[in-house]
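Enquirer: Structure here, sequence nowhere to be found:
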């Protein structure tokens, strides 16, 4: 991948992570566990579910902010360091993207069959508030773009690192 293309990918990913961070932070700053539970009815059924959901969102926010900061460092350097940028993009894919699609609390799943039909691919384990549903579905569109852009880093980056390691040992 050329340095120009890599830098452009870093800039696009930086912008997307900034958007995600702002949306998640805005939501977390305005919502409470008790307000979510009260909007959903059965306290026993929903309290644990929403607690887990909010925890997953907080983790996602931290991952995205850390990646956003590291990409900012990469982009602000006087000389663009391709190796550092590739490493950060790899981390974005494996922490941010994967943690969105596979949340620790399993509060929702992705059904890949829907992505080909233009429908929302996120399937919630329980009915959620409209605001939380809207947030999650809007984030899924951003993460889907990032996943498509960064899919290269799932296998090719690791292969490249292994080859460099083998060459250094030879």
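Expert: Alright, I've got the coordinates. This structure is a prediction, so every number in the text was calculated from the model and none was measured.
Enquirer: which secondary element of this structure has the worst mean pLDDT?
Expert: Taking mean pLDDT, DSSP states H and E as the measure, the chain has helix 112-115 as its least confident helix or strand, at a mean of 58.
Enquirer: Tell me which other helices or strands the helix or strand just after that helix touches.
Expert: Following helix 112-115 in sequence order, the next helix or strand is strand 122-124 (DSSP states H and E). Under the contact criterion of 3 or more C-beta pairs under 8 Å, 6 or more residues apart in numbering; DSSP states H and E, strand 122-124 touches strand 108-110, helix 130-150. From N, CA and C alone the C-beta is placed, and that goes for glycine too.
Enquirer: Regarding residue 104, what is its secondary structure?
Expert: coil (DSSP: H, G, I helix; E, B strand; the rest coil).
Enquirer: show me the contacts for it.
Expert: 55, 56, 59 (C-beta atoms under 8 Å, 6 or more residues apart in numbering).
Enquirer: Who wins on neighbours among the residues you listed?
Expert: Among these, residue 56 has the most neighbours (other C-beta atoms under 10 Å), with 19 neighbours.
Enquirer: Please report phi then psi for the spatially closest residue to that one that is not a sequence neighbour.
Expert: The spatially closest residue to residue 56, leaving aside those adjacent along the chain, is residue 103, at 4.1 Å (C-beta to C-beta, 6 or more residues apart in numbering). Torsion angles at residue 103 (phi, psi; degrees, to the nearest 10) stand at phi -60, psi 140.
Enquirer: Scan the chain for its longest helix.
Expert: helix 43-76 (DSSP state H).
Enquirer: counting contacts, what elements does that one pack onto?
Expert: helix 3-30, helix 33-40, helix 82-91, helix 98-101.
Enquirer: Buried residues of the first one, list them for me.
Expert: By neighbour count on 16 or more other C-beta atoms under 10 Å, the buried set for helix 3-30 is 6, 9, 10, 13, 14, 16, 17, 20, 21, 23, 24, 27.
Enquirer: Same list (these) but as CSV, adding pLDDT and distance to residue 96.
Expert: Shown next, in CSV, are these (pLDDT from 0 to 100; distance: C-beta to C-beta, whole Å):
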residue, pLDDT, distance to residue 96
6, 89, 18
9, 93, 14
10, 94, 14
13, 96, 9
14, 97, 12
16, 97, 9
17, 97, 7
20, 97, 8
21, 97, 10
23, 97, 13
24, 97, 11
27, 96, 17
